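In: Provided below for reference: sequence and predicted model.
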Amino acid sequence: MTENRNLWSRLGQQSLLITAVTVALVYAALGVSGAFAAAPSAQQVVVAPQPGVSCGDLTPGANGTYVFQCTLTGLVAAPSPSPTGGSPTVSASATSTPSATATPSATASSSTSPTVTPSPSPTTTQPPTPTPTPTTPRPTSTQNGCINNPGACGFPDAASTGPTSPPLVILNGIQTFSTPGQTVSNTRINGCVEVRGANITFRNVLFNGNGCFYAVRNFSTNLQVFDSEATCGGFNGTAFVESSISLTRVDIHNCENGLSISGSVLVQDSWIHNMNGSQGGAHTDGAQFNQGATDITFRHNTINVGPGNGATSAIIMWDEGGSQNKRVSIDNNLMAWGTYTLYCGREGVIDNIRITNNRFGPFEFGYANACNSGEAWFGNVRDSDGATLVAV
């Protein structure tokens, strides 16, 4: 009680006009007790006694508050106004000397929550789908007279086949390569070559097989030759022999035969030309398929075994009895000369032989022989004028 009186004594001279206190006095006059948040400090808000008002002492309340009760005489309670919607918010404005802060616990000042505008969801931009690098197909030429200038029609010639740079290494005499996976490059080989190791690659190599019956003979599997040249030097030899051979951009010339094939072979983007013809009674062919050879593809090559040298064919398949060739594709080639430019098999059952989209140049007796026995034949034309050729 002494503490309360001292507090009244310290602040009794202050004059405080506050709307919230008036409301509290009205409640007190109606017999309602009031409570204000308080702490014993110099700035505690206290209502000074006024005429016609009788207030009791401050007594400590709960949670750090002080409670007092006043009696107001001569006050008539005003009727409660009808609510117009929502709970009213009582704002207390105060003028004091010195400044004082009042926080009546009975008056709750509601604060309006700010309107939160949500950030728009980010728009995810997918990275552009990369455009795949197009693979330029080997064209089927629409020009005519290509045999006189194959490169102008997009067919292989001296500009697109053979070594791309002079050799750095020269090997003389018969050479045997037997290390599996070996790569031989930038080399000139003056002599016959035997390949006895699997997966051997020759790149940018000149095979000078002058005097060799076979310039290159494969005894193993998966021999690959790129950007190379093979010559027999005018001797009646064959450039490449046997099977499991892949030739790409290879220049073959001055041999009796470009290839003698006994098994799977791929020849593409290559140039076979200036063959020996009938020199020494030879039967010159750009490529000859031996009995029973299968899985053979000739794609986009120039094979010109003429002119006028008595060559037999650009390509001749096995045309006698016994096992026949199977799974053969001769597609998009420029071929010329020979007694007949193309000989198909004349014996046995035709098994998946396809002759498609080729251009046939000049010949001695005909562009094809025995190719109308069930072979798939379409898209083949005459080189001089583009006229469609039927299977014969």
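Out: Thanks, I have the structure now.

In: switch to C-alpha atoms for all contacts and neighbour counts from now on
Out: Fine.

In: which secondary element of this protein has the worst mean pLDDT?
Out: strand 15-18 (a mean of 31; mean pLDDT, DSSP states H and E).

In: ok, now which ones touch residue 289?
Out: By CA atoms under 8 Å, 6 or more residues apart in numbering, the contact set of residue 289 is 260, 261, 262, 315, 316, 317, 318, 325.

In: element containing the fourth one, please.
Out: The reference is to residue 315. strand 313-316 (DSSP states H and E).

In: According to the record, where do the domains of the protein fall?
Out: 2-74, 146-382 (automatic domain parsing).

In: Let's have the ones you listed in TSV, adding distance to residue 388.
Out: Output for those, formatted as TSV (distance: least, CA to CA, whole Å):
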stretch	distance to residue 388
domain 2-74	108
domain 146-382	4
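
In: Tell me which of those sits most buried.
Out: domain 146-382 (a mean of 21; mean count of other CA atoms under 10 Å).

In: any idea of the mean pLDDT in that domain?
Out: The pLDDT scores in domain 146-382 average 94.

In: now the end-to-end length of that domain.
Out: 10 Å (CA to CA, to the nearest Å).

In: who's residue 184 bridged to?
Out: Listed by DSSP bridges, the beta-bridge partners for residue 184 are residue 202.

In: Spit out the contact partners of it.
Out: Counting by CA under 8 Å, 6+ apart, residue 184 touches 200, 201, 202, 203, 205.

In: Quick one: residues contacting the fourth one.
Out: For residue 203, the contacting residues are 163, 183, 184, 185, 186, 225, 226, 227, 228, taking CA under 8 Å, 6+ apart as the criterion.

In: go again using 10 Å as the cut-off
Out: Shown in contact with residue 203 (CA atoms under 10 Å, 6 or more residues apart in numbering): 162-164, 183-187, 224-229, 248, 250.

In: likewise residue 351?
Out: Counting by CA under 10 Å, 6+ apart, residue 351 has contacts 294, 324, 325, 326, 327, 328, 374, 375, 376.

In: out of the residues you listed, which are inside strands?
Out: In strands, defined here by DSSP state E, the members of those are 294, 326, 327, 328, 376.

In: Let me know whether the fourth one touches residue 316 as I believe.
Out: No - Residue 328 sits out of contact with residue 316 when judged by CA atoms under 10 Å, with a separation of 11.9 Å.

In: ok, residue 251 - contacts?
Out: 156-158, 160-163, 206, 226-231, 258, 269-273, 302.
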